[in-house]
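Undergrad: Sequence first, then the predicted structure:
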Amino acid sequence: MPPARTLTIRGCWWLMAGLVTLGIAFLVWSLSVRPSFAASQGSLEPLTVELLAERRAALQTVSGMPTLALDHLRIDLTDAGEMRDRFYSELRAELEGSPQPLALDLSYSAIQGELDLTRLAQRAPLAEAALTSLLTPPERDHLPADLDRLRPQATPTEGFGAIKLLRCALKLHNTQLLGGLRADELVLLQPVQAAGAIAHGPVTGKQAYFARPNQWSSANFSRTVNFADSRFADAVRFDDSHFQAAADWSGTTFEQGGDFSGSQFDDLGNWQHSAWQAPANFSQTHWHDRALFSKSRFLAALNLEGATFEKVAALRSARFNAPVQLSEVNLLSQIDFSEAVFAAGAVIHIDSLAFDSDQARLLGDKGRIGAVITVAGLEGNENVLRNAIRNFRRLEQIADANRLEYKMQRLRLRQLSNTIAGTPLDWRFLWRRGPTLLHWAGLSVLLLVSNYGTSVGLVLSSGGVALTGFSLWAWTLDRWRRPPSQIRPQPGEMVWMLGSAAVLLLFSLSAIARVSEQPLTVLLCLSLLILPIPLAITSYFYQRGSDRDQRDEPYFLENGGERQLGIAIIRLPVVPKYPFFAIATPHCPGENAGIGSIITALV
């Protein structure tokens, strides 16, 4: 008993020591993650009524624009604070009384409570005459030609839609938005510069119109971000930002594109029904949750190079008018292109794409997705293509897997051609590149006449052309002798042979023209394969005068033993005798029987 008690007491001491160590580590981590947050707030000067009046009276001119400098301050806009109503009323009076737009600089400030930009806006009727009298010429230059684009989903007032104008430029560099930011249904006519901003509350800009650039580079969003149904008329940047909660850009229009490169999404990212009129840059992004782009329209390139998807990336029913870049993507789940529409020239680049888990899938419509997948070259991408082929075979999309197999062999042929072209032409050329030349020639033929065995239609049509050619040649060689013999073909036989050959050849040629990318080259290749053998045998045949022997019997012989076996075994069907053949007998000359055997084997 005493040893057990000693062990129990010793275990409790170890447990307590471990808990204390974990507590100290958590405290150190908390201080490192949010460094000097309390200290920075304590060191900032609070904004008072007197200080606000002083700053209003001493506007600064920065980059040619009058600027109200409220940077490096602690601003209390909470419901319990006395400063909130005074702050909004005096700033709005300053904005409305200025003959030209102002800039509001809140950089490096800590704003307690929500920064509600709608309380700084002024209402104006959505009419060209009213806006002309209210705005300066530079501001009017940034209005859209169609003023209805400024209209949010609001109830019209007296026949005109009322809009809320915010005419001041916002500078929020490294600003701490402790209560978030609200800009719903606003028309912002000046730039928003918020690089390095830290938002601890929700940031919303639903149904807003941003006429000038928005820069939120390296921003950190702890709560939700919502810019649904908004329109960005100029460039927008959220690069190297961190979204810790859901981010919503559904229904948003990006007229000059958007840059989200290097950003991290811990929660859902929603761009459904969005429209991109310029390139969309999501390179080097990391998605811990779903990425939704369903039913979006990409009129320019979509760049997802180097992105990591831990959950589903949905691009269902999206429209692509330009290439999609999936190079170096790390795929741990599904990326879905089902029912997507690809315009001419729109392809999916999958160079160095990695299927990093057993659940990784590349989804798309059967028979269509394989046609738009491409890589720049075979070097470094052979395993990528094999993984993509395996992916489609698991999904039972054999046509797409075959299409990728064909593309991989086409790239291999290009690689072989470059290797051969880079070898100096001398006597050692054939010795060095003999196997490579044979590989190149065989691969070229397989790609031409069968798409490397992946096109059943091309295989059958090429075989139909070859079968027609050999059959007509063998029939002509057998029936036409010198001088004329008794086995000359009758008119019925000629009609049957020539008619059936013409029909088969017509169907084969039409199929080649339909399924082959190079129909004329395929026919040239088939001619080189078909013509030399018949011409050589025909030349040998007539030079030896073999057509004069056995003039009244055909060279095609029927094996009578097979018919006798069929008759002996009653259950086997008896094949009717075909008058085209002659029955093989011991009296047939050996030489001519040999020639017939050669022809029969070729046919």
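TA: Noted; the coordinates are in hand.

Undergrad: chain center to the host helix or strand of L446: distance?
TA: Per DSSP states H and E, L446 falls inside helix 429-450. Centre-to-centre, helix 429-450 and its host chain are 33 Å apart (C-alpha atoms, centre = their mean, to the nearest Å).

Undergrad: Go ahead and produce PDB holding the CA coordinates of that helix.
TA: C-alpha atoms of helix 429-450 as PDB (Å, rounded to 0.1, in the frame of the first residue of the first chain):
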ATOM      1  CA  PHE A 429      22.700   9.900 -85.900                       C
ATOM      2  CA  LEU A 430      21.000   6.600 -86.800                       C
ATOM      3  CA  TRP A 431      23.100   4.700 -84.200                       C
ATOM      4  CA  ARG A 432      22.200   7.100 -81.500                       C
ATOM      5  CA  ARG A 433      18.600   7.800 -82.400                       C
ATOM      6  CA  GLY A 434      17.500   4.600 -84.100                       C
ATOM      7  CA  PRO A 435      15.200   3.400 -81.300                       C
ATOM      8  CA  THR A 436      13.900   6.900 -80.800                       C
ATOM      9  CA  LEU A 437      13.100   7.200 -84.500                       C
ATOM     10  CA  LEU A 438      11.300   3.900 -84.400                       C
ATOM     11  CA  HIS A 439       9.400   5.000 -81.300                       C
ATOM     12  CA  TRP A 440       8.500   8.300 -83.000                       C
ATOM     13  CA  ALA A 441       7.300   6.600 -86.200                       C
ATOM     14  CA  GLY A 442       5.200   4.000 -84.400                       C
ATOM     15  CA  LEU A 443       3.700   6.600 -82.000                       C
ATOM     16  CA  SER A 444       2.900   8.900 -84.900                       C
ATOM     17  CA  VAL A 445       1.000   6.200 -86.800                       C
ATOM     18  CA  LEU A 446      -0.900   5.200 -83.600                       C
ATOM     19  CA  LEU A 447      -1.900   8.800 -82.900                       C
ATOM     20  CA  LEU A 448      -3.000   9.400 -86.500                       C
ATOM     21  CA  VAL A 449      -5.100   6.300 -87.300                       C
ATOM     22  CA  SER A 450      -6.500   5.600 -83.800                       C
END
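
Undergrad: Would you mind listing the buried residues in that helix?
TA: 433, 439-440, 443, 446-450 (16 or more other C-beta atoms under 10 Å). In short, each C-beta sits where N, CA and C put it, glycine included.

Undergrad: nearest to C168, of those residues?
TA: L447 (64.4 Å; C-beta to C-beta).

Undergrad: I'd say S109 and D76 touch.
TA: No. Using C-beta atoms under 8 Å, S109 is not in contact with D76, being 11.1 Å away.

Undergrad: Between those two, which has more neighbouring residues?
TA: S109 (22 against 19; other C-beta atoms under 10 Å).

Undergrad: Next, the contact list for the more buried one, please.
TA: 44, 70-75, 175-176 (C-beta atoms under 8 Å, 6 or more residues apart in numbering).

Undergrad: Most neighbours of all these, which one?
TA: T175 (26 neighbours).

Undergrad: Distance check, I111 against L181.
TA: 9 Å (C-beta to C-beta, to the nearest Å).

Undergrad: for S263, same thing?
TA: 18 Å.

Undergrad: And E45, by the same measure?
TA: Applying C-beta to C-beta to E45 and L181 gives a distance of 22 Å.

Undergrad: Show me which of the two is the more surrounded one.
TA: L181 (23 against 10).

Undergrad: Look up how far S241 lies from that one.
TA: Taken as C-beta to C-beta, the span from L181 to S241 is 14 Å.

Undergrad: before we move on, the earlier item: just checking, what packs against the helix holding L446?
TA: If you count contacts as 3 or more C-beta pairs under 8 Å, 6 or more residues apart in numbering; DSSP states H and E, helix 429-450 packs onto helix 398-421, helix 456-479, helix 519-530.

Undergrad: what angle separates it from helix 456-479?
TA: Interaxial angle, helix 429-450 versus helix 456-479 (axes from the mean of the first three to the mean of the last three C-alpha atoms, to 10 degrees): 100 degrees.

Undergrad: Helix 398-421 and helix 429-450, what's the angle between them?
TA: 160 degrees.

Undergrad: what residues does helix 429-450 touch?
TA: Residues contacting helix 429-450 (C-beta under 8 Å, 6+ apart): 406, 409-410, 412-413, 416-417, 419-420, 423, 452-453, 458-459, 462, 516, 518, 521-522, 525-526, 529.

Undergrad: cutoff 10 Å now
TA: 406, 409-410, 412-413, 415-417, 419-420, 422-424, 426, 452-463, 465-466, 512, 516-518, 521-526, 528-529 (C-beta atoms under 10 Å, 6 or more residues apart in numbering).

Undergrad: go on, stretch 145-153?
TA: In contact with stretch 145-153 (C-beta under 10 Å, 6+ apart) are residues 124, 126-128, 131, 143-144, 160-165, 184-187, 206-209, 211, 229-231, 233, 253, 255.

Undergrad: Which members of these occur in strands, if any?
TA: 124, 162-165, 186-187, 209, 231, 253 (DSSP state E).

Undergrad: For stretch 162-181, list every residue counted as buried.
TA: For stretch 162-181, by 16+ other C-beta under 10 Å, it's 162-181.

Undergrad: er, stretch 362-374 I mean
TA: 362-365, 368-374.

Undergrad: nearest to F342, of these?
TA: Using C-beta to C-beta, the buried residues of stretch 362-374 come closest to F342 at V372, 4.9 Å.

Undergrad: From L186, how far off is L477?
TA: 88 Å.
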